[in-house]
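Colleague: after the sequence you'll find the predicted model.
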Amino acid sequence: MFAICDFSTETVEAIKEKEKTVAMSGKTSKDELMVQLIAGSVAGLVQTTASQPFEFWKTVAQLPHKYPSEMLPLGQYFTGCSILNVSVVAKTAVRFGAFHGVTNWMQGTLSEEQVPSNARVILASLFTGTMESLCIVPFEAIKTNMIENAVLGTSIIESGGEISKPKATFHRTKPVTNALKYRDPIPVQGLLNNIKEMYASRGLRAYFQGLMPTLCRQLGNSVVRFSTYTAMKQVWLQKFANNDTLQTYMGVILGTLSSIAVVSLTQPLDVIKTRMQSQWAPKTYTNSINCAYQIFVQEGIPTFWKGFVPRLFKVGISGGITFGIYEYVENLIHLMQKDGYLK
């Protein structure tokens, strides 16, 4: 998925300076948080829609089915975009609210000697990534289900897909039981139909499949992106910029570079997440560790990097668009406030 955008690209010192400016202008931190929410929502909607074909390509590559290689209708490559756009507002609220709240709490509770500024950014990003992960899991599960059904419905594969037969290994695979009375899913089309079918075939657990790998991936995304983007932004502002405003084009460049780092380190977790969110995961894997083990012994290490290229494009485009639009919208709102157009 959905790549994480920058929750706040400011250090604790920058937040202090901004709070002084906000106080002098008569505005409150709630006003600044609202600016972040608006900018983050706009950036999220644009990047989600623009990068959805790469998300579709990546997800299909990571699923265990053997799909035909022919091109699908253009509209199919935007399957799942609707549920991801629905999730943007919820994710943005959790993202900025959590990061803003934790950063302010640490600022007022912890001294610089106890926890350095850079460590505070990392700690805040860890908490924010955890909260966002819990929020996005149902949306990610529904998105994967929609993409899987879209390909099943337009290919020659029978219901359930053609899954590679397990290779013989030295380890005796533990059979997956059907104690939870899981029934075979029925391929359906459309957002509401997918949501209903997921509940009918697997119950509420269908919306939380892949929780642990999603949590680990999001935490990794958050830490890597925060650390790399914040560090690069600080260096740029200190050595090459004339003021504290980051130009839009530099937001795009720095966001893209941080996205490359994210994909390089978290791709195996993304593969496991997709496999665990498959309709057939309950009959294939006992848990995330078992999923990783089966991939390793039956398909080999390269499988953990399936979908790397489309995810790199997706995350790179998402990061660049998100950071660039976020900085642009935030600067635009501040300018409009300064000129009196917004009160």
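Modeller: Looks like it came in fine. Small disclaimer: the values here were computed from a predicted structure and weren't measured.

Colleague: now for the host helix or strand of residue 95, which elements pack on it?
Modeller: For residue 95, the host element (DSSP states H and E) is helix 81-109. In this structure, helix 81-109 packs against helix 12-25, helix 29-62, helix 117-154, with contacts taken as 3 or more C-beta pairs under 8 Å, 6 or more residues apart in numbering; DSSP states H and E. Placement of C-beta: from N, CA and C, glycine included.

Colleague: can you tell me which of the ones you listed the model trusts least?
Modeller: Note on the helices and strands packed on helix 81-109: lowest mean pLDDT is at helix 12-25, with a mean of 45.

Colleague: for residue 247, grab the count of nearby residues.
Modeller: By the criterion of other C-beta atoms under 10 Å, residue 247 has 15 neighbours.

Colleague: next one: phi and psi at it?
Modeller: Note on residue 247: its backbone torsions stand at phi -60, psi 150 [degrees, to the nearest 10].

Colleague: one more: the one 3 residues further on?
Modeller: In terms of degrees, to the nearest 10, the main-chain angles of residue 250 are phi -70, psi -30.

Colleague: okay, residue 85 and residue 217: tell me how far apart.
Modeller: 21 Å (C-beta to C-beta, to the nearest Å).

Colleague: and those two? Which one has more around it.
Modeller: residue 217 (26 against 15).

Colleague: enumerate every residue touching the more buried one.
Modeller: With contact set as C-beta atoms under 8 Å, 6 or more residues apart in numbering, residue 217 has these partners: 133, 266, 269-270, 273.

Colleague: and which of the residues you listed is nearest to residue 333?
Modeller: residue 133 (28.2 Å; C-beta to C-beta).

Colleague: what pLDDT does residue 191 get?
Modeller: So residue 191 comes in at 91 (pLDDT).

Colleague: wait, it sits on residue 79?
Modeller: No: assessed by C-beta atoms under 8 Å, residue 191 is found out of contact with residue 79, at 9.6 Å.

Colleague: what residues are shared contacts of those two?
Modeller: Joint contacts of residue 191 and residue 79 (C-beta under 8 Å, 6+ apart) are residue 146.

Colleague: have a look at those two and say which one is more surrounded.
Modeller: Higher neighbour count among residue 191 and residue 79: residue 79, with 28 against 16, using other C-beta under 10 Å.

Colleague: next, give phi and psi for the more buried one.
Modeller: Torsion angles, degrees, to the nearest 10, at residue 79: phi -60, psi 130.

Colleague: picking that back up, just the contacts of residue 217: which has the poorest pLDDT?
Modeller: When those are compared, residue 133 shows the smallest pLDDT, 75.

Colleague: quick one, helices of the stretch 201-343 of the chain?
Modeller: 211-239, 248-276, 288-294, 308-338 (DSSP state H, counting those that start in this stretch).

Colleague: now these as a markdown table including distance to residue 97?
Modeller: As requested, the helices of the stretch 201-343 of the chain are arranged in a markdown table below (distance: least, C-beta to C-beta, whole Å):
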| stretch | distance to residue 97 |
| --- | --- |
| helix 211-239 | 15 |
| helix 248-276 | 21 |
| helix 288-294 | 28 |
| helix 308-338 | 16 |
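
Colleague: do I have it right that residue 100 meets residue 34?
Modeller: No: when contacts are counted by C-beta under 8 Å, residue 100 is not listed as touching residue 34 (10.7 Å).

Colleague: who has more neighbours, these two?
Modeller: Neighbour tally, residue 100 and residue 34, criterion other C-beta under 10 Å: the higher count belongs to residue 100, 22 against 14.
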